[in-house]
Structure formats: structure tokens, C-alpha cells
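Trainee: Make a model of this:
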Amino acid sequence: MKQQEITDNELVNQFIAGNQQAIEQLIMRHKRKVFTYILIIVRNREQTEDLFQETFLKVFKSLKEGKYTDDGHFLNWMMRIAHNLIIDNVRKEKRLKTVSRDDYDYDIFNQRKFHESYSEQVVVRNEVEHDVRRLIEKLPEVQKQVVIMRHFMDMSFKEIAEETSVSINTALGRMRYALINMRRIINEKQMNLVIE
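Mentor: As a prediction, this is how the structure comes out:
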């Protein structure tokens, strides 16, 4: 049986039955999607790498413990694990972030005015980021890929060209068409993507 003909669930069952290579195939098959998803949300490569590893460790452990039911949606299940780990990480960071002056131990986040304006900014920024992700999802796959690699993975056009096996001019052209398409969609939907 060829590798691409084996479904995720068949690989899961093989892994549960003791085939260690099956989990490696699953990781290789989905690592780019999972890594990119995490990176788009956390926007920090070091944190992304940590969360990426945590995701696959949790997948591995959950499979071993029989917590995955064979419902044909392995990738979605794995993305939910990644998403939950991202949320846990954000909550943990929020608990650790306390800014205070040395003299008074004064928590600036407890000021009502600051808190309200900060909360409003966070909501607006989250809405804009959500709209940008939706916008990118509407692009053709090759354009989406170059936008993600360039803006979320901080790759140069030379690195993008090498990674996607195309010339630098092709990578630049894909970015140009992606930007044109994104502007068109923004105009059609009358979207406001400015964070004030």
C-alpha cells in the first residue's frame, strides 16, 4: 500500500497496535499545518516551537491512553489540542504579567481607565487578526503559502523559493497576486483592518 493511500485513522490504528513508524508518518503529514497554525496565533517562533512539541507529545500520550475515538477527523482533533494548548499558554502568560513600580508595588493593570482601554485594544486587535486569517484563507493555496511563510514565519523570498521549489521571481509573483487578491477582497467586503 502506498503511503499517500493510508488514511490518518489507519495510521492511528497501526500506531495503537505498536507500529512506531505510523506516528512518525502522521507527524510528517501534518507538521507544517500545525506549526503554521500555532505561529499565526502566537507570532513568536520560540513559543511556537515549544507549543508544537507539546501538541505532538499530547497527541502521542492521548493515543497511547486510548483517548482518541476513530471518527475520521484526526487533523481536526490534533488542531483542537494545539488550540487548547495555545489558550492555556496565553492564560499562563496573563497570570505572570504584572507591571509594578519598585517603590510602591503598584499594579497599573488594576486602574479602571487603563484596563478598559487596554481591553478595547485587545478586542479590536483580535478582530483584525481574525479578519486577516479569514482573508488569507480565501487565497489560492500557493498564494496563501507564500503569505504565511513571509509574514508569519519570517522567511526570505529566497528561503520561500527553496522551500516551495520555485524561482524567486515566482515566489515574488505569488506574493504580488496574493496582495492584489487581498486588496480586492477588502474592498469588496468593505473591511477595516486598521488598529487604532
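Trainee: Residue 56 reaches residue 30, doesn't it?
Mentor: No - the criterion here is CB atoms under 8 Å, and residue 56 misses it with residue 30 at 9.2 Å. C-beta: built from backbone N, CA, C; applies to glycine.
Trainee: Show me where this structure dips below the pLDDT cut-off.
Mentor: Within the chain, the stretches falling below the threshold (pLDDT under 70) are 1-4, 70, 94-126, 128, 152-154, 191-196.
Trainee: how about the helices in this protein?
Mentor: Counting by DSSP state H, the chain forms helices over residues 8-16, 20-42, 45-64, 74-96, 112-137, 141-147, 157-164, 168-189, given from the N-terminal end onward.
Trainee: Tell me who's in contact with the residue nearest to residue 159 when sequence neighbours are not counted.
Mentor: Closest residue to residue 159 in three dimensions, ignoring its sequence neighbours and counting by CB to CB, 6 or more residues apart in numbering: residue 149, at 7.6 Å. In this structure, residue 149 makes contact with 155, 159-160, 163-164, judged by CB atoms under 8 Å, 6 or more residues apart in numbering.
Trainee: re the thing from before, could the helices of the chain go into CSV alongside mean neighbour count?
Mentor: Putting the helices of the chain into CSV (neighbours: other CB atoms under 10 Å) gives the following:
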stretch, mean neighbour count
helix 8-16, 17
helix 20-42, 17
helix 45-64, 16
helix 74-96, 14
helix 112-137, 12
helix 141-147, 19
helix 157-164, 16
helix 168-189, 15
